[in-house]
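Undergrad: fold the following and give me the result.
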Amino acid sequence: GNSFKISLSWTRILPNGINNHISQDGVKFYNNVIDEMIRQGITPMITLYHWDLPQKLQELGGWANPMIADWFVDFARIAFKNFGDR
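TA: Numbering: from 1, shown residues only. Here you go, the predicted model:
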């Protein structure tokens, strides 16, 4: 079948990198993209991370910071909640 891989920009959904502010504009953007792909018969293949770490998290040590796993889980949960039904 037809499929296409897209990556979610962490900062488009969580501008500060952490779960203190979810950008509804970012969520709407990806909902529109995913919905249009499905309308066109394309199966979206979503990548949660592709070398796009929010700058604020990089300044806090990035992947070397033990908290990064929790921050990524927050981002992943938001993605699954908003886009996982498709």
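Undergrad: phi first, then psi, for residue 4.
TA: Residue 4 adopts backbone torsions of phi -150, psi 130, taken as degrees, to the nearest 10.
Undergrad: partner residues bridging it?
TA: When assigned by DSSP bridges, residue 4 has beta-bridge partners residue 44.
Undergrad: ok, now how distant is it from residue 39?
TA: The spacing between residue 4 and residue 39, counted by C-beta to C-beta, to the nearest Å, is 13 Å. Just so you know, the C-beta spots here come from the backbone N, C-alpha and C atoms, and that holds for glycine as well.
Undergrad: so between those two, which is more surrounded?
TA: Neighbour count, other C-beta atoms under 10 Å: between residue 4 and residue 39, residue 4 has more, with 11 against 8.
Undergrad: give me the neighbour count for residue 15.
TA: Counted with other C-beta under 10 Å, residue 15 comes out at 16.
Undergrad: check the one 3 residues further on too.
TA: Each residue near residue 18 was counted by other C-beta under 10 Å, and the total is 16.
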